[in-house]
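In: here's a sequence, model it:
(one chain, ligands or ions: 1)
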Amino acid sequence: MSTQKTLARLPGFRDFPPEDLALRARLFDAWRRVSRRYGFVEYDGPPLEPLELYTRKSGEEIVEQLYTFEDKGGRQVALRPEMTPSLARVLGERSRAMPKPIRWFSVPQLFRYERHQRGRLREHFQWNVDLVGEDGVEADAEVLAVALDGLREVGLGSEDIRARVSDRRLLAALLKSVGLPEERLEAAYAVIDKIEREPEERILERLSDPEDVGLDDATARRVLEIFDTPTLEGIEERFAQAEGVAERVEEMRRFLGSLHDLGFGDCVDFDLTIVRGLAYYTGIVFEVFDRQGEFRAICGGGRYDDLLDRIGGAGLSAVGFGMGDVVLGELLRERGAVPEYRPEVDFFIVPIGVEQLPLARRVARAQRNRGLSVVYPLRKQSVRKSFSAAASEGAREVLVLGPDEVEQGVALLRDMASGEERNVELARLLEVPEPAGKAPVGEG
Ligand code: HAM
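Out: I've put the predicted structure just below:
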């Protein structure tokens, strides 16, 4: 007996046996289809990046979660925890010559050393869609529509999900109007981002903590009271006099109106507590959740008008989102919306005896050259065993090569779904053009 222990997978990482890979492939296909429907083209970058790419602008939380090490050349490197800084770098190098707006998407695997929790792993695949070089809220609406259409494409509509949307500039105007100094804004965003997940006392404590936001108690309370007014109309009324609020409310209305035109009005709710954890957002921000609020966010994004300038030197506005495969997979499974995994092949060839094996290989070759999937037994086995193998391979048709039929130049084709059988001419099964560019090999 082997004394070797099976090496376990790292915590937070996944294997993808075919049944799990099938779901992943289904998501990727849907994401790619929808991206193209909106005119986005695919790009990618390296999974390993210089550490500095993230320490500059991603925000503390993500930097703490980096997988980072020194490479053999003495460089500080990190596995990419998100795609946006790589996008900013790639575009910085080439965006000047490109017509705007730029519509790019990607499906990278990302790595974050997260605390173990439901919906969060240490690697995930994330659909990234970013629109660059257009600063109106209509672009923001177009991008959020891509995300919502991506969810609809896998079967999740307004009854299953909702996007919660806000605007950091509106929040900034409100915070300033209650006495929060400009230089404390970023610290305040990080605390407000946790409003839903932490008790009120803890939020107040952090707002007053000199090491955190550092507000006096009265200002801290006024900050928290902003969130007593949940509707856009309420905010407009209550903060009518506050500088900048009316313009931002008007923009939010245009944003919501555009989403309505695009068919997603009933999936979107204004929600001032959405701030986003990442530091670089500058305008509209959004997160998509399951409607019951059971799961972590499925998707998050927003406008980030300074990042490209800071990382790649391209002074371009941008808006985008990331949608992970983990929560989405959990949600689809819970809804029973994941089709049962079934392997499929077009043909399974059953040679009755070993004498028919060479013919089986020739038929397989011909049919594969036509683009069909073909499997046959690689060694002598009983017809019964072959038929059960055909069933477990998911064969649509079984082709039986029996000595008598072969002698007459035919083979028996059985449709596995209907059980119907008919003879087909071997000459037809073998007659297939060779793949382009390749001369026939072996026998003629
Ligand atoms: P994010 O909110 O950090 O944004 O991630 C976006 C989505 O990726 C989350 O809503 C979640 O579905 C998924 N996700 C994130 N971390 C994990 C994890 N550890 N395990 C499983 N899923 C995860 C960003 O990354 C931004 N760069 C998105 C963006 C693109 N903004 C503009 N363009």
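
In: the residue in the stretch 151-300 of the chain positioned nearest to the ligand is in what secondary structure piece?
Out: In the stretch 151-300 of the chain, the residue that lies nearest the ligand is residue 300 (3.2 Å; Cβ to the nearest ligand atom). In short, each C-beta sits where N, CA and C put it, glycine included. Residue 300 belongs to strand 299-303 when elements are defined using DSSP states H and E.

In: apart from its chain neighbours, what residue comes closest to the residue of the stretch 151-300 of the chain closest to the ligand?
Out: With Cβ to Cβ, 6 or more residues apart in numbering as the measure, residue 287 is the residue that lies nearest to residue 300, at 4.6 Å, once sequence neighbours are left out.

In: residue 341 contacts residue 21, correct?
Out: No. Using Cβ atoms under 8 Å, residue 341 is not in contact with residue 21; the gap is 9.1 Å.

In: OK, contacts around the residue nearest to residue 300?
Out: When contacts are counted by Cβ atoms under 8 Å, 6 or more residues apart in numbering, residue 287 touches 163, 164, 274, 276, 297, 299, 300, 301.

In: residue 414 now?
Out: Contacts for residue 414 (Cβ under 8 Å, 6+ apart) come out as 397, 398, 399, 400, 420, 421.

In: for it, list each beta-bridge partner.
Out: Counting by DSSP bridges, residue 414 is bridged to residue 398, residue 421.

In: pLDDT value on it, please?
Out: Residue 414 is assigned a predicted lDDT (pLDDT) of 97.

In: just residue 186 next, same as before
Out: 91.

In: tell me the secondary structure of it, please.
Out: helix (DSSP: H, G, I helix; E, B strand; the rest coil).

In: residues near residue 42, how many?
Out: As a burial measure, residue 42 scores 12 neighbours (other Cβ atoms under 10 Å).

In: that one contacts residue 105, doesn't it?
Out: Yes. The pair residue 42 / residue 105 is scored as a contact, 5.7 Å apart, by Cβ under 8 Å.

In: any common contacting residues for these two?
Out: Joint contacts of residue 42 and residue 105 (Cβ under 8 Å, 6+ apart) are 32, 35.

In: for the stretch 51-200 of the chain, list the residues in contact with the ligand, please.
Out: 82, 83, 84, 112, 114, 120, 121, 124, 126, 128, 130 (Cβ under 6 Å from any ligand atom).

In: list the contacts of the fourth one.
Out: Neighbour list for residue 112: 62, 65, 66, 67, 81, 120, 122, 124 [criterion: Cβ under 8 Å, 6+ apart].

In: in TSV, list the residues you listed along with secondary structure.
Out: TSV is the format used below for the contacts of residue 112 (three-state DSSP):
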residue	secondary structure
62	helix
65	coil
66	coil
67	coil
81	coil
120	strand
122	coil
124	strand
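
In: select only the buried ones of those in ChimeraX?
Out: Here is the ChimeraX command that picks out the buried ones among the contacts of residue 112, judged by 16 or more other Cβ atoms under 10 Å:
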select :62,65,66,81,120,122,124
